[in-house]
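# Here is a sequence with its predicted model. Questions after.
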Amino acid sequence: MSVGTKHPRSEGEDQDVRLAKKAKTDENAQTTTDSDPSAVKIEKKKKKKEKRDKKEKKEKRDKKEKKEKKAREDQSEEDIGEQQSGDSVEADSEDRPAKKDKKKKKDKKDKKDKRDEETSNVPEELAPTPTEQNGGSNGTDATPNKSPVQRNGATYTYQQTEALHAVPETEIQEYLKKHEISISDPSDAKLRPVIQFSHLPSSTLLSKNPFASFTAPTPIQAASWPFALSGRDVIGIAETGSGKTMAFSLPCVEALASRPRPKHSKGGKTACARAVVVSPTRELAMQTHAAMSSLASLVGLSAVCLYGGASKDEQRALLRKNSGADIIVATPGRLKDFLSEGCVSLSDVMFAVLDEADRMLDKGFEEDIKLILGSCPPREKRQTLMFTATWPMSVRGLAEGFMVDPVKVTIGNRTRAGDENGGGSGSTELQANTRIEQKVEVVDPNAKEQRLLELLREAQKGSGKNDRILVFCLYKKEAVRVEQFLERKGIRVASIHGDLRQDQRTRSLEAFKSGKTTVLVATDVAARGLDIPEVKLVINVTFPLTIEDYVHRIGRTGRAGRSGKAITLFTQHDKAHSGS
Ligand SMILES: Nc1ncnc2c1ncn2[C@@H]1O[C@H](COP(=O)(O)OP(=O)(O)OP(=O)(O)O)[C@@H](O)[C@H]1O
C-alpha cells in the first residue's frame, strides 16, 4: 500500500520541482529581456503567488494521503491483532475508554515499527516479546503487550504484567547489577526480570500458590522465566543451589497446563510424554521428579521418573497407569532403553530440558542425548532449556546443535578458570557459590583419614552434633574404606557410590536426609544437583578430577541463600589443581 501511494507523490514532487525550475528560468529570462521594471514586478508577483498556491495545494494533498494511509494501517494492524490473540484484544477494548483509542493506535504503531526493526534478523517464530524493559532506552513503557511465539502448534503469549511495568527502571537496573545478572539474547527482546512472584502473569497454576514457602524468585528464576514463558530456548547458568530446578519447572508446567493433550496420548501401549527432563544421575532425576510432580499435580498433570538400577517392570507399569505421563524425568540410559522398546514416545514433546548437561557429557551420554532429542520434534518445534552451574566448551556445542537462538542467562561474575596450562577442559565462566567459605589444608597423604576424623568431631561438637556433613572421596574403594574407618570410630555414617545397588543408595540418602546418619561418604555420583538443605559442611578427602566437580561438590552446602563451609584436604598429588 505504501509503495503504491509513494510513487505518484514522488512523481508529483518531481513535477513541482521541474515547474519551479522552469518558473525561475522564465523569471531570469524576463529580467534580462524586458525593459519595463513595473511590468516585471507584477509578473514576478504573479509567478510567486502561483508557486505558493501550488505548494499549499501539494501540502494539503500529502496531508490527506498520509491520513488515509494511517487509517488503513491501523485497521489492518487491529485485524492481525485480533487474529493472533482474539479474546485479549476484546478484553482490552472493553477496558479502554474510547477517547484513548487514538493514542493507543499511535503507540501500537510505534511499537510495531520497533518490533519489526528488532525481529528483522530472527526467524518469525522466535519474534521476541515486544516488551521494552531493562536495558532498553525507554524501559519504563507502561503498556504490557503480547507477541506470540509458535512452538509445536502452541502459541506462547507471555505478557509482562502491569505490576512489573510499574517498577521503576532504576530498581530493575539495581536488581540486575546486585545479582550480577547478564542476559545474552540474539533477538534482543529485553524482558524485565520478575523480581516478585506477583510480577508473574496470573495462571491456574499460580492461583494454587505454589511458592507459599518462598519469599521471592531467585535471580536465575527471575531472569529466565520471562523468556522461558515466552516460548524461547534458554540456557541458564547459575551457581549451585540457586533454584534452577524451579527455573525450568514452572515454565514447563505452565506450557503443558495451557494446552490440551493430543488425543493419541491417551491409552495404547506407548506412553506419549509432552515434556522430558534428562538428568545425569539417578538421585538427581528422583529429586527433580519430586519437585516437578508436586508442581504439576496442582494443575492435574502427571510426572513419571525413569532411571537405571530399578525395576523396569515397575516403571513400565507406572507409565501405563498414567497412560502417557505428561512429564518424564529420566536418566539418559533408561530413557533410551524405553524408547528403543517402544514403550515411550517423545514425538509429542513440546518442552525438553537438559539438566546438568555438562555432567551428562562427562559421563559419556552425548550419544544418548542426541538420540533422545532426536526422538523429539525438531528443535524449531519444541522448546529446549539447558540449566547448569558450569559452562564448558562441550556444552556449548550441544547448545548450538539442539537449540534455536537460545537466550543465555548467567548469574554471577563468571571468571575464567582452567588447569595450570590455562586450558584443561576448556571451561570458562566457572564460579563457586560465594556464600561458601572455602578452606584448603595441605596434608600428608597418609594422615588424611585421621585428619578427617578430627574435623568431623570438631564440627559435630555441642550444638553442631546433628549437623549433616558430606564427605567426598574420589574412588569407590576409597569410599568403602573411609566409611568403614568412620564406623569403627563410632560415627553415624552411610555411603553412596556406584558399587552399591540403587536401593542401597536410596536408603543411604534417605537416612542422611532424615538425620538418622549425620555423615554421608560419597563419590562424585552424589556431587551434582543433590539438594539436602541441612548440609553444613563438605569435606573433600580426595580432590576431584576436575575443578567443575569441585565446584559441584562444595555446592551441596550453602544452598537456597544459606551459608556453608567446605574443607579440602590437599596433598602433593593434587598440586596440578592448585592454580585453578
Ligand atoms: N525462590 C526460591 N526461594 C527460596 N528457595 C528456593 C526458591 N526456589 C527454589 N528454592 C529452594 O532452593 C533449593 C535449591 O534449589 P535447586 O535444587 O533447584 O538448586 P540448583 O540450582 O538446581 O542446584 P544444583 O546446581 O546444585 O543442582 C531447593 O531446596 C529449593 O526448594
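The structure has been received and is ready for your questions.
# Let me know whether Y158 touches P226 as I believe.
Yes - under the criterion of CB atoms under 8 Å, Y158 is in contact with P226, at a separation of 6.1 Å. (Each C-beta comes from the backbone N, C-alpha and C, glycine too.)
# More neighbours: which of the two?
P226 (30 against 26; other CB atoms under 10 Å).
# how close does V440 sit to the ligand?
Distance, V440 to the ligand, by CB to the nearest ligand atom, to the nearest Å: 21 Å.
# Bridged to that residue, which residues?
Per DSSP bridges, the residues bridged to V440 are T568.
# what residues are up against it?
Applying CB atoms under 8 Å, 6 or more residues apart in numbering to V440 gives the contacts 567-568, 570.
# Please apply the same query to L452.
With CB under 8 Å, 6+ apart, L452 has these contacts: 471, 482, 486, 539, 541, 569.
# Just the ones of the residues you listed in strands?
471, 539, 569 (DSSP state E).
# count of neighbours near the residue in the stretch 251-400 of the chain that the ligand sits nearest to?
Nearest to the ligand in the stretch 251-400 of the chain, going by CB to the nearest ligand atom, is A389, at a distance of 4.3 Å. Burial of A389 is recorded as 27 neighbouring residues (other CB under 10 Å).
# Now for it: which residues touch it?
So A389 contacts 237-240, 242, 244, 356, 551-552, 555 (CB under 8 Å, 6+ apart).
# quick one, strands of the stretch 251-400 of the chain?
271-272, 275-278, 303-306, 327-330, 344-345, 351-355, 383-388 (DSSP state E, counting those that start in this stretch).
# I'd like these laid out as JSON lines, including mean pLDDT and mean neighbour count.
Output for the strands of the stretch 251-400 of the chain, formatted as JSON lines (pLDDT from 0 to 100; neighbours: other CB atoms under 10 Å):
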{"stretch": "strand 271-272", "mean pLDDT": "86", "mean neighbour count": "23"}
{"stretch": "strand 275-278", "mean pLDDT": "96", "mean neighbour count": "27"}
{"stretch": "strand 303-306", "mean pLDDT": "95", "mean neighbour count": "25"}
{"stretch": "strand 327-330", "mean pLDDT": "96", "mean neighbour count": "29"}
{"stretch": "strand 344-345", "mean pLDDT": "92", "mean neighbour count": "24"}
{"stretch": "strand 351-355", "mean pLDDT": "95", "mean neighbour count": "28"}
{"stretch": "strand 383-388", "mean pLDDT": "91", "mean neighbour count": "25"}
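# mind checking which of the ones you listed is nearest K178?
strand 383-388 (21.5 Å; CB to CB).
# just checking, E356 touches V277?
No - at 10.7 Å, E356 does not count as touching V277 under the criterion of CB under 8 Å.
# show me where pLDDT drops low in the stretch 251-400 of the chain?
264-268, 322-324 (pLDDT under 70).
# residues from it in reach of the ligand?
A389 (CB under 6 Å from any ligand atom).
# G558 contacts N433, correct?
Yes - at 4.9 Å, G558 counts as touching N433 under the criterion of CB under 8 Å.
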